[in-house]
Structures are given as structure tokens and as C-alpha cells.
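# For reference, the sequence and a predicted model appear below.
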Amino acid sequence: MENSKNFTMENNVYKGKILLYTGNYKSLGEMVWIKIKSHGDKIAHLDARTEEVVTYAELQDKVVRCALWLQKQGIKSSDVVSVCTHNHLNSIVPCLATVYINAIFNPWNENMDLQTALHLMQLTKPKIIFCNEKSANVILSAAKENNYSPTIAVFGHHPDTISFSDILNTCRDAEVAKFRYVELDDIKKTVCIMHSSGTTGMPKGVEMSNYCLLLISENKNLDMTNGVLIWFSSLYWISGVMMNFKAIAQGAKVIIYPEFDEETTCLLIEKYKVRKELAKRRL
């Protein structure tokens, strides 16, 4: 095949072409900060179920409030913050907040069972876990069985957890106005821990650096500039992470719908004049 020339084999491992990051950003947090602020009142997200919209300026406000709260919980560089949820207007907020303070975000699968939750908790040892109501019981049970005490925040409401909406209300406007992303001295530092699908065993952790996600985010192999996008991969899948950061980098408008359905997807594409779509959940 013609594409086979793009790969070499070394010690029985296929290796692709080494791509160099040639941008000027020193961290993923810096890129996100500058891009979001530059997009201003453009629509960032639209919930197709409710028609609620979030502008980039409103997104920035939520991310900063979440970042300030994380700092008040003692989260610092190299600490892990896990996110376990479906796609909704706030799902990306803790990830971006974590990026702003040079911590590590770590997406989990909202459909995981207790055994997997126990494994992931032991593997990444998150200090804080953001989850939806669906996965809250499994996460609370795993924490109890592991004798581990992360702070658990829920998108919605659940006993023995903190509500995400309450988190956004803990900071004063003056604090928000003074906040600035934390600068990074090593672009190769880990910013995200993804997981393998766990097809043949328990999921393995895959560390991704600021360098890696900057390269992915700014690559215009998918040109989304001022586009209208829709996808159904949650943050657990690399495609979900990739599309979120590409959308921010290029100022796209994202249509959010929690689950894939063929007929509904066609209706959404027609209604919102979607220019790019990614239907598969597992990419």
C-alpha cells in the first residue's frame, strides 16, 4: 500500500513519521486560554435537547471558577483529576480547568463496572473525581472498597458528593478577574492520562504530554475554522478529547447531544447545518 511508506518497523514495532510542533504556545493551557478569550461571544456549545447555548466568554468564566476551586482544594501540578461523564455543556469544563493549573486530567468511562472503577482508582489515584449521576454510585463504592477518599463532584445532585453547580458559585467575581493560567516550564510534561479500551484485559494508562495535545489540537487535518460540529465520542475516547481541543483551537460551534441515534443525528445535521460530524463512539 502507498501509505505503508509512512511507517518503519523497529523491534517489531511499527513507527510513524515524527511530527514536530512548530507553534509558539508553551503549554496546552496557554493555547486554550488565548484561543477562548479571542473567540469572545461566539457560541462554543449548543445543547440540542434544550437549545441552551454557551459562548466562549461564558465557557471561560466557568473554567476559571472551576480552576480556582481546584486550587482551593490543594490541587497542584502533577495531581490527577478524573472526569467520568457523558457529553453535556459542562463535561469539558473540569478538563480545561485542570489544564489551566498544570494538573493532569484523566477521563473515565461512565459505563464502567465496579471492578474497572477499582482498577482505575488504584492506577491513577485521582485527588478529585467529577462524574455524572449515573456513575456516582459505582465511584463511591470503589472509593469505599479501596479505603480511598477522593473528593467527588457530581454534574447534578447525589448524596455524599459536591454539586458542580455549587462549585461554580464558590468564587467571587474579583477572584475570577484576577485569575491567570499557570505557566509551564516543560512542554513535554504530562497533561492527560487516557486509557486503552480494555478489550483483552483491564484498561492501561496512556500518558499524553502538552506537546502531544498541542500538536493534535493545532493540526488542521480537520479544518473546523468557524465550523459547526457534532460528535458522540465521550471524553473517555481520544476522539472526544481531540475534537474538544480542536474546536477550541479553531473557534468552532459544537452541537451537543448525549447519545448516537441514526435518525436523530440526520435531523441534527440538517437543522444546525453541521459541517463536520463524528458518529463513532470508539475511535
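Here it is on my side, so go on. Residues are numbered from 1 along each chain as shown.
# Report how many residues lie close to Met9.
Burial of Met9 is recorded as 8 neighbouring residues (other CB atoms under 10 Å). The way it works is simple: take the backbone N, C-alpha and C, and place the C-beta from them, glycine included.
# Please name the bridge partners of it.
Counting by DSSP bridges, Met9 is bridged to Tyr14.
# can you pull the pLDDT of it?
As predicted, Met9 sits at a pLDDT of 88.
# Same check on Asn147?
96.
# Wait, a helix at it?
No: using DSSP: H, G, I helix; E, B strand; the rest coil, the secondary structure at Asn147 is coil, not a helix.
# Sketch out the low-pLDDT regions of the stretch 151-283 of the chain for me.
Applying pLDDT under 70 to the stretch 151-283 of the chain picks out residues 276-283.
# at 80 what do you get?
Low-confidence segments of the stretch 151-283 of the chain, defined by pLDDT under 80, are located at 197-199, 220-221, 275-283.
# Ok, the stretch 1-150 of the chain next?
Low-confidence regions of the stretch 1-150 of the chain, defined here as pLDDT under 80, cover residues 1-6.
# Can you show me the strands along it?
Taking DSSP state E, counting those that start in this stretch as the criterion, the stretch 1-150 of the chain carries its strands at 7-10, 13-16, 43-47, 53-55, 80-84, 104-108, 128-132.
# Which elements pack onto the strand or helix carrying Leu267?
With secondary structure defined by DSSP states H and E, Leu267 is part of helix 262-272. Of the remaining helices and strands, those touching helix 262-272 by 3 or more CB pairs under 8 Å, 6 or more residues apart in numbering; DSSP states H and E are strand 228-231.
# Need the phi and psi values for Met242.
Dihedral pair for Met242: phi -60, psi -50, per degrees, to the nearest 10.
# quick one, what contacts it?
Residues in contact with Met242 (CB atoms under 8 Å, 6 or more residues apart in numbering) are 216-217.
# same thing but at 7 Å, please
Residues near Met242 by CB atoms under 7 Å, 6 or more residues apart in numbering: Ile216.
# now Ile187
Contacts for Ile187 were tallied using CB under 7 Å, 6+ apart; they are 26-27, 210-211.
# Please save the CA atoms from the longest helix belonging to the chain in PDB.
For the chain, the helix with the greatest residue count under DSSP state H is helix 56-72. As requested, C-alpha coordinates have been extracted for helix 56-72 and formatted as PDB (Å, rounded to 0.1, in the frame of the first residue of the first chain):
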ATOM      1  CA  TYR A  56     -16.700  31.100  24.600                       C
ATOM      2  CA  ALA A  57     -16.700  34.000  27.200                       C
ATOM      3  CA  GLU A  58     -19.200  32.100  29.300                       C
ATOM      4  CA  LEU A  59     -17.100  28.900  29.000                       C
ATOM      5  CA  GLN A  60     -14.000  30.800  30.100                       C
ATOM      6  CA  ASP A  61     -15.900  32.100  33.200                       C
ATOM      7  CA  LYS A  62     -16.900  28.500  34.200                       C
ATOM      8  CA  VAL A  63     -13.500  27.100  33.600                       C
ATOM      9  CA  VAL A  64     -11.800  29.800  35.700                       C
ATOM     10  CA  ARG A  65     -14.200  29.300  38.500                       C
ATOM     11  CA  CYS A  66     -13.600  25.500  38.400                       C
ATOM     12  CA  ALA A  67      -9.800  26.100  38.300                       C
ATOM     13  CA  LEU A  68     -10.000  28.400  41.300                       C
ATOM     14  CA  TRP A  69     -12.000  25.800  43.200                       C
ATOM     15  CA  LEU A  70      -9.400  23.100  42.300                       C
ATOM     16  CA  GLN A  71      -6.600  25.300  43.700                       C
ATOM     17  CA  LYS A  72      -8.600  25.800  46.900                       C
END
